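> Sequence first, predicted model second:
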Amino acid sequence: MPLLLLDLDNTLLPRDAAFRAWAGDFLTENGLPAGDLDWLVMLDGSGYVPRSTVLGAARRRYGIDRSVESMLAHYRDGINSHIQCPDSHVAALREAREAGWTLGIVSNGGTLPQLEKIRLTGLAPLVDGWVISEEAHCLKPDPLIFEIAARRCDFRPAGDWKAQTWMVGDYGPADIAGAAATGLRSAWLHHGRPWAERAYRPTVSAPSLPEAVRVILAAGEHPAAGRGFAAAAAGRPQRSRGQLAIPASRLAPLPVKAAKAVQAAQAPQSAQTAQSAPAAKAAGTSLAQQVPLVKARPLAPIEPAQARWGDAAAAAG
């Protein structure tokens, strides 16, 4: 039974659409210019700019007499009221499940906000487990977070787990670089964007989650062609060129040095095992009491790692 790992924001959930809806409400509720919607969306940076930066800038621009903390609480409630998992995404997850795949969520971000999204959108019963960077004390692209995800999903492959695992995401530096560093195959959701990274690339690229899942399932049906889109899609109805996933071979060729870097990044990572700190266990218990979720799984014993890559965890959401 293979493993399919999925990013949360802008992969499983249309997070940017939810932010735009919240921003429109924010401007209306405060009697602010509707034309400033694009300014707020630009400042948001698809969630990768820290919330304190976005809301602090809005507070100064409009002279709002409220603390950033108060505005943050309002933002969390507002954006979660707009976010939902599209029916087509639910259908894709069920299709993968029926094909025998284990499903897991790997998300950078704050624990409580991301868990709330999983709960509110009904994703909890559709997957086998999840891991969120804040509570795991590591961020994508660190290979450790993908290893934790496999354990959380109780994934027990017949052979090397990496050879039987795909990662799907929309953000190259976290999702695709993380898959490459861990030795996983990956599907990048391009959302109409060109691939810009030179040191690594996805196995395949697709315009949407359902299309990515179809390509991955096809690759599973043709394991000898797992890294080539054309062979993996053999036997399936041809779609218009605008709807086809883009194979990595169609992306810009890599320089020799970059290609060697990718090969080195994809080398098997050594297993990391140790005992978790009592404080981490206590924190996990408290969180479960605050936000009970049907499919939550305890973290396997592991030494908490230090958060890296700036405040990406604080930025997402």
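Structure's in. What do you need?
> packing partners for the strand or helix carrying W166?
Following DSSP states H and E, one finds W166 within strand 165-169. Contact analysis of strand 165-169 by 3 or more Cβ pairs under 8 Å, 6 or more residues apart in numbering; DSSP states H and E lists strand 3-6, helix 143-152, helix 177-182, strand 185-189, helix 209-221 as its packing neighbours. For every residue, glycine as well, the C-beta is placed using N, CA and C.
> ok, it: who's next to it in the sheet?
Take DSSP bridges as the rule and strand 165-169 pairs in its sheet with strand 3-6 (parallel), strand 185-189 (parallel).
> could the helices and strands packed on strand 165-169 be laid out in TSV, adding mean neighbour count, distance to W130 and mean pLDDT?
Formatted as TSV, those follow (neighbours: other Cβ atoms under 10 Å; distance: least, Cβ to Cβ, whole Å; pLDDT from 0 to 100):
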stretch	mean neighbour count	distance to W130	mean pLDDT
strand 3-6	27	9	98
helix 143-152	23	7	97
helix 177-182	26	15	98
strand 185-189	27	18	98
helix 209-221	22	16	92
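> For A23, which of these is the nearest?
If you check each of the helices and strands packed on strand 165-169 against A23 by Cβ to Cβ, strand 185-189 wins as the nearest, at 22.4 Å.
> Could you point out the helix or strand that follows that closest one?
Where DSSP H and E defines the elements, the next helix or strand beyond strand 185-189 is strand 204-206.
> What helices and strands are in contact with that following strand?
Counting contacts by 3+ Cβ pairs under 8 Å, 6+ apart, strand 204-206 is packed against strand 185-189, helix 209-221, strand 246-247.
> Within its sheet, name the partner strands of that strand and how each one runs.
Strand 204-206 pairs in its sheet with strand 185-189 (parallel), strand 246-247 (antiparallel), by DSSP bridges.
> Mind checking these for the one nearest to A179?
Ranking the strands paired with strand 204-206 by proximity to A179 (Cβ to Cβ) places strand 185-189 first, at 3.7 Å.
> now what about that closest one, what contacts it?
Strand 185-189 has contacts (Cβ atoms under 8 Å, 6 or more residues apart in numbering) with 10-11, 165-170, 172, 175-176, 179-180, 195, 202-209, 212, 215-216, 219, 226-227, 245.
> Let me have the helices and strands packed on strand 204-206 in CSV, adding distance to G129 as columns.
Converted to CSV, these look like this (distance: least, Cβ to Cβ, whole Å):
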stretch, distance to G129
strand 185-189, 19
helix 209-221, 18
strand 246-247, 30
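> between the ones you listed, which one is nearest to N80?
The nearest among those, by Cβ to Cβ, is helix 209-221 at 20.0 Å.
> helices and strands around the helix or strand N80 falls within, which ones?
Using DSSP H and E, N80 sits within helix 68-82. Where contact means 3+ Cβ pairs under 8 Å, 6+ apart, helix 68-82 is packed against helix 15-29, helix 51-62, helix 111-120.
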